[in-house]
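In: predicted model and sequence follow; I will ask about them next.
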Amino acid sequence: MSSAHQPLSLKHVEAQDRAALLDVTAYDVALDLDRGDETFGSVSTITVRSRGGPTFVEVQPVALNAVTVNGRAVDVTRLDRGRVPIETDPGENVVVVDAVMRYRHDGEGLHRSVDPADGRHYVYAMTFLDAAPSIFGCFDQPDLKAVWRMRVRAPRDWVVLGNTPATEVATGEWTLAETQPLSTYLVALVAGPYHVVRSEHDGIPLGLSARASIARQLDDDAPEIFTVTAQSFDELHRLFGVRYPFGDYHQAFVPEFNAGAMESAGCVTFRDPMIFQSRTLRTQHVVRASTIVHEMAHMWFGDLVTPVWWDDLWLNESFAEYMGARVTADSTEFTEVWVTEAHTRRPWGLAADQRPSTHPVAGNGAADGAMALQNFDGISYAKGATIIKQLHARLGDEVFFSGVSDHFEKHRFGNATMADLLDSWERAGAGDLSTFSDGWLLTAGPDRIQLDRGAGVLLRTPLAGHPADREHTLGLATGTAGSPGAWTIEPVRLDADAVAVAVPAGPVVPDPHAETWAVTLLDAETTAALPEVLPATADPLVRASIWCSVRNAFQHALIGPDAVLDLVEAALPAEDTDDGVGQTLGWAVWNILPVAADPVAALARLHTVAERCVAGAPPGGSLQLAALQIQVAAADDEAMLRDWLASGDSLPDGVVVDLELRWRILLRLAKLGGVDRDQLAAALAEETTAVSQVEHAKALAALPDAEAKAWAWERFTGEVEVPNYELEAIGLGLWQVGQERLTDPYVARYFDEVLATTEVRSSQMLAVATHIFYPRWSATEDTVARAHDLLGRDDVDSTIRRELVDETWDLERRLAIRQAFGR
Ligand SMILES: [Zn+2]
C-alpha cells in the first residue's frame with residue numbers, strides 16, 4: 001500500500017460538519033466470510049436522515065462494486081483514499097456500499113489468522129479507531145451512533161459472535177439481533193471455530209471464547225474469569241446506580257490482538273495470551289482481573305456515553321483505568337492491584353508525561369484520528385486514573401458517583417464532552433472545578449515533589465516549559481528512629497510550591513501510597529538509608545513507591561548503576577511480592593546493562609540476586625517463578641541453561657519447564673549462541689503452538705550472527721511480511737546488549753530506512769515497528785545526532801515522528817547516565 005493511497009484520517013472539523021448534516025439511524029451489514037482466506041464480501045445499507053447536501057462515506061475496499069444513494073448509482077471511481085463523495089437528499093436517505101474487502105494481519109479491521117497448532121482459521125473485528133471502513137462502508141466518527149443489524153455467512157464449522165446474540169438461521173448463515181445505538185468503533189465481530197463457554201449472573205447471560213486449541217485452558221480459567229466478572233458487575237451496579245445496558249456480555253479471547261483488550265459493547269475482545277497456557281505469576285491474574293473490570297467499566301464510560309470526539313478519550317480511559325483498579329481491589333480476590341499498578345502502569349505513565357510529546361490529559365488537541373491514536377499512552381491511562389483518584393479524594397464517594405450517575409442518565413446512548421461531565425459533578429455538589437480542571441486536566445507534565453530537609457519544606461516543581469498550579473493530596477512517610485522500615489504516614493496538602501512539613505531525622509518518603517501524580521525524588525539522607533530500610537518495610541505499596549522514586553532518580557542520572565545494583569542486592573532477597581521481584585529485576589536488567597561501565601559484571605550481579613530470590617522463595621510458587629524468569633534472562637552459563645532445558649538436576653526444586661519457560665531458556669541460549677537454527681526448529685516442531693511460533697521468531701532474531709540480523713531486518717523493512725505478533729517479537733530479538741559488532745550497521749540503516757516503512761504498514765503497527773526496531777541500546781552521541789537529523793526533516797510521517805521523538809528522548813537519558821557515571 002503506497003502512502004499516497006493511505007486512507008485519510010478524519011479531521012475533527014470534518015466530523016463536526018458531517019454531524020451537523022446527518023443523523024445515522026441504522027446500519028444493516030451483510031458480510032460473506034466464506035469465500036477464501038484473502039477477501040470477504042461486505043454490503044452495508046445505511047439509513048440516514050440528512051439536512052440535504054454533499055458529504056462522503058468511508059470505505060477501504062479491494063474492489064468497490066457499487067455505491068448507491070436512494071437507488072441512484074454513485075461513480076465508484078471517485079473513491080479516493082478511503083472516501084466516496086455522495087450527495088444526500090433532505091429527509092431520509094438509504095446509502096448502500098457494496099464492496100470486497102481484504103482480511104488484515106496487523107490486528108486491525110477484520111484480522112484473520114491461522115492457528116499453527118491445528119491449521120484452523122480465525123477472524124475478529126477491530127473497528128477502533130479508524131479501522132471500521134476496512135470492514136464495511138460507514139460514517140466513521142464516534143458521535144454518529146446508530147442501531148446495527150448484521151448478517152454473516154461463514155464456513156459451516158464456525159461460530160459467529162457479536163455485540164448481540166447471533167442465531168444460525170441456516171447452515172453457515174448467522175443473524176445478529178439489533179443492537180442499542182453504537183458508534184462505529186464499538187462494533188464487534190468474532191468468527192471462527194471458537195470454543196465457547198457460557199454462564200449467567202444476575203440476569204446477564206455471560207460468554208467466553210477462545211481458539212479450539214486452547215479450549216482446555218479456557219475451561220480451566222473460566223471459573224476465575226466468571227467470578228471476577230460477576231463480582232465486578234455487582235460492584236459497578238452499586239456504584240453507578242445504572243444497570244448494564246447491553247444485554248448479553250461476552251468476553252472473546254482472540255489471537256494476535258494488539259492491545260490488551262477492546263471494549264466493543266456487549267462483546268469485549270482480549271489478547272488470548274490472557275488464557276494461560278503455562279504456569280503463571282500471581283500478577284498475571286491480577287492484571288487479567290483489572291483488565292476485565294477496565295473493559296466492563298467502559299460499558300458505561302465509552303459505550304453508553306461516548307466522547308463526541310477523540311480529544312476526550314481520557315473520559316474513556318482514565319475512568320476505566322481508575323474503576324478497573326478500584327473495583328478489582330475492593331470486590332475481587334486480587335486486592336493487591338494497586339501494588340501492581342505502582343510497579344507497572346505508574347512508571348509507564350510518568351515516562352510518557354516527561355517526554356517532549358507530553359500532552360494534557362483532556363483536550364489534547366487531536367486534530368484527526370491518527371493523532372488521537374498516538375495519545376493512547378500512559379498519560380491517558382495511568383495519569384488520568386490518578387487524577388480521577390485525586391478528584392475522588394476531594395469529592396468523596398457520594399458526590400463523585402452521583403455526578404457520574406447523572407452523566408450516564410443525561411447522555412444515555414449518546415455522546416458527551418468533558419464539560420458535560422464537570423457540569424454533572426458540579427450539579428452533584430462538587431463546587432467549582434475550574435481550578436482543578438486547569439491544573440490537572442488541561443496542563444501537561446508531572447510536578448516534581450521532593451523534600452528540602454534543611455528548609456523543612458516539601459517542594460513542588462512543574463515540568464520545565466509547562467507551568468502549572470495543581471494541588472496534591474498525598475501522604476508523607478517518616479521513618480521511626482531505631483526501627484528501620486517502620487513508617488508513620490501523615491496526610492499533606494501540597495497547594496503551593498513549598499509547604500512546611502515536620503521533618504524528624506531519618507528517612508522520609510513523599511507519596512508512599514502512590515495517591516498523587518508526580519515524579520517523587522528522595523533526599524540524600526533517605527537514599528543513603530534505603531539499603532537498610534527498604535528490605536525492612538512491611539507495606540508492599542510503600543516499597544513499590546520507593547522503587548518508583550529510585551527509577552525516577554536513575555532516569556535523571558541522579559543516582560548511578562552501581563548504587564541501583566547495591567540497592568537491588570540489599571532489598572530484593574527480602575521482597576515477597578512477585579511484582580517487587582520480577583518487575584524490579586526486569587527493569588534493572590533492561591535499564592542498567594546498556595549504561596553500565598562493565599555490563600558483564602552488572603549482569604553477573606543481577607544473576608546472583610535473582611538466584612538468591614529463587615532460592616529464598618517457596619518452591620513451585622509465583623515468587624519463585626518471577627525470580628527464575630529473570631535469572632534465565634541474566635544467565636551466562638550455557639551448560640546450566642541446557643541442563644534446565646532438559647529438566648536436569650540443577651533445576652531448582654519446584655520449577656517445571658513448561659511452554660513459556662522452555663522458550664525463555666531457548667531465547668537466552670540463542671542470544672548466547674548456545675543453540676542453532678536446527679535446534680530451534682526442532683523445538684517449534686515438537687510443540688507447534690501460536691506461542692512457540694512467536695518465540696521461535698524472537699530467538700532466530702537474537703542469534704549472534706549476521707544472518708540472523710539480516711533476517712530480522714528484511715521483516716522490519718517489509719521485504720518479508722509477517723503477522724503483528726511475530727514482527728514485534730523479531731524487533732525485541734534483534735537488539736541485544738553485547739551484540740553491537742553485529743547490530744551496529746543497522747543503527748544507521750534504521751534512520752535511513754524507517755520512513756519507507758509507511759509503504760508497508762500503517763496505524764498501530766507502524767508505531768509499534770518504529771518503536772520496537774529503534775536502536776535503543778546505542779546510547780552514543782552519534783546515534784542521537786542521527787536521530788535529530790532525521791527529526792529535522794519535514795517529510796517524516798506523524799506516527800513515525802512521535803515514536804522517534806519519544807525513543808530519542810529515552811536514548812538521551814541513557815547517554816546522560818553513561819556520561820555521568822563514566823562509561
Ligand atoms: Zn480502555
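Out: Received it, and whenever you're ready, just let me know what you need. Bear in mind that the values here come from a model prediction, so they are computed numbers and not experimental data. Numbers count the residues shown, from 1 in each chain.
In: where does the closest residue to the ion within the chain sit: helix, strand or coil?
Out: When you check the chain against the ion by Cβ to the ion, the closest residue turns out to be residue 320, at 4.3 Å. C-beta: built from backbone N, CA, C; applies to glycine. Of the three states, residue 320 takes helix according to DSSP: H, G, I helix; E, B strand; the rest coil.
In: wait, it touches residue 291, no?
Out: No - using Cβ atoms under 8 Å, residue 320 is not in contact with residue 291; the gap is 9.8 Å.
In: neighbour count winner among those two?
Out: residue 320 (25 against 21; other Cβ atoms under 10 Å).
In: which pLDDT value goes with the more buried one?
Out: pLDDT recorded at residue 320 is 96.
In: near the ion, which residues of this protein show up?
Out: Taking Cβ under 5 Å from the ion as the criterion, the chain approaches the ion at residues 317, 320.
In: low-confidence stretches in the chain?
Out: 1-5, 363-365, 823 (pLDDT under 70).
In: ok, 50 please
Out: Flagging of the chain using pLDDT under 50 yields the residue ranges 1-4.
In: now the helices for the stretch 351-500 of the chain?
Out: Assigned by DSSP state H, counting those that start in this stretch, the stretch 351-500 of the chain shows helices spanning 369-374, 378, 384-410, 418-425, 434-436.
In: now, of those, which is deepest in the fold?
Out: helix 369-374 (a mean of 22; mean count of other Cβ atoms under 10 Å).
In: and that helix, what does it pack onto?
Out: Using 3 or more Cβ pairs under 8 Å, 6 or more residues apart in numbering; DSSP states H and E, the elements in contact with helix 369-374 are helix 763-772, helix 798-820.
In: out of those helices, which is closest to residue 595?
Out: Closest approach to residue 595 among the helices and strands packed on helix 369-374 (Cβ to Cβ): helix 798-820, 4.6 Å.
In: residues in contact with residue 236?
Out: Applying Cβ atoms under 8 Å, 6 or more residues apart in numbering, one finds that residue 236 lies in contact with 244, 293, 296, 297, 300, 323, 327.
In: top of these by neighbour count?
Out: Each of the contacts of residue 236 was scored for neighbours by other Cβ under 10 Å, and residue 293 scores highest at 30 neighbours.
In: gap between that one and residue 205?
Out: Residue 293 sits 19 Å away from residue 205, going by Cβ to Cβ, to the nearest Å.
In: just the helices in the stretch 501-650 of the chain please.
Out: With helices called from DSSP H, counting those that start in this stretch, the stretch 501-650 of the chain shows them at 524-536, 540-555, 561-571, 578-592, 599-616, 622-633, 638-645.
In: save those as JSON lines, and put in mean neighbour count too.
Out: As requested, the helices of the stretch 501-650 of the chain are exported to JSON lines (neighbours: other Cβ atoms under 10 Å):
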{"stretch": "helix 524-536", "mean neighbour count": "17"}
{"stretch": "helix 540-555", "mean neighbour count": "23"}
{"stretch": "helix 561-571", "mean neighbour count": "19"}
{"stretch": "helix 578-592", "mean neighbour count": "23"}
{"stretch": "helix 599-616", "mean neighbour count": "19"}
{"stretch": "helix 622-633", "mean neighbour count": "24"}
{"stretch": "helix 638-645", "mean neighbour count": "17"}
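In: and those helices as TSV, adding distance to residue 156?
Out: Shown next, in TSV, are the helices of the stretch 501-650 of the chain (distance: least, Cβ to Cβ, whole Å):
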stretch	distance to residue 156
helix 524-536	61
helix 540-555	52
helix 561-571	57
helix 578-592	45
helix 599-616	50
helix 622-633	42
helix 638-645	42
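In: now do the helices in the stretch 151-300 of the chain.
Out: Using DSSP H, counting those that start in this stretch, the helices of the stretch 151-300 of the chain run over 215-240, 282-298.
In: out of those helices, deepest packed?
Out: helix 282-298 comes out most buried of the helices of the stretch 151-300 of the chain by mean count of other Cβ under 10 Å, with a mean of 24.
In: chain center to that one: distance?
Out: Distance of helix 282-298 from its chain centroid, counting by Cα atoms, centre = their mean, to the nearest Å, is 12 Å.
In: also stretch 48-64?
Out: With Cα atoms, centre = their mean, you get 32 Å for stretch 48-64.
In: just the C-alphas of it, formatted as PDB.
Out: Coordinates of each C-alpha in stretch 48-64 appear next as PDB, following Å, rounded to 0.1, in the frame of the first residue of the first chain:
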ATOM      1  CA  VAL A  48     -29.500   8.400   7.300                       C
ATOM      2  CA  ARG A  49     -31.600  11.500   8.000                       C
ATOM      3  CA  SER A  50     -30.000  14.400   6.300                       C
ATOM      4  CA  ARG A  51     -30.500  18.200   6.100                       C
ATOM      5  CA  GLY A  52     -29.600  17.600   2.400                       C
ATOM      6  CA  GLY A  53     -26.200  18.200   0.700                       C
ATOM      7  CA  PRO A  54     -22.800  16.700  -0.200                       C
ATOM      8  CA  THR A  55     -20.800  14.600   2.200                       C
ATOM      9  CA  PHE A  56     -18.800  11.400   2.000                       C
ATOM     10  CA  VAL A  57     -19.000   7.800   3.200                       C
ATOM     11  CA  GLU A  58     -15.800   5.900   4.200                       C
ATOM     12  CA  VAL A  59     -14.800   2.500   2.800                       C
ATOM     13  CA  GLN A  60     -11.400   0.900   2.200                       C
ATOM     14  CA  PRO A  61     -12.100  -2.000  -0.200                       C
ATOM     15  CA  VAL A  62     -10.100  -4.200  -2.500                       C
ATOM     16  CA  ALA A  63     -12.900  -3.700  -5.000                       C
ATOM     17  CA  LEU A  64     -15.800  -1.300  -4.800                       C
END
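In: would you turn the helices of the stretch 351-500 of the chain into CSV with distance to residue 126?
Out: Output for the helices of the stretch 351-500 of the chain, formatted as CSV (distance: least, Cβ to Cβ, whole Å):
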stretch, distance to residue 126
helix 369-374, 12
helix 378, 21
helix 384-410, 22
helix 418-425, 26
helix 434-436, 35
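In: for residue 507, which of these is the nearest?
Out: Among these, helix 384-410 sits nearest to residue 507 (Cβ to Cβ), with 23.8 Å.
In: run the angle between that closest one and helix 215-240 for me.
Out: 70 degrees (axes from the mean of the first three to the mean of the last three Cα atoms, to 10 degrees).
In: now for helix 384-410, which elements pack on it?
Out: helix 215-240, helix 313-331, helix 345-354, helix 418-425, strand 472-480.
In: let's see it at 7 Å
Out: Packing partners of helix 384-410 (3 or more Cβ pairs under 7 Å, 6 or more residues apart in numbering; DSSP states H and E): helix 215-240, helix 313-331, helix 418-425, strand 472-480.
In: Serialize the ones you listed to CSV and add fields for distance to residue 664.
Out: Formatted as CSV, these follow (distance: least, Cβ to Cβ, whole Å):
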stretch, distance to residue 664
helix 215-240, 19
helix 313-331, 27
helix 418-425, 44
strand 472-480, 36
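In: nearest to residue 757, of those?
Out: The nearest among the helices and strands packed on helix 384-410, by Cβ to Cβ, is helix 313-331 at 25.7 Å.
In: which of the contacts of residue 236 sits closest to residue 767?
Out: Proximity of those to residue 767 was ranked by Cβ to Cβ; the top entry is residue 297 with 25.4 Å.
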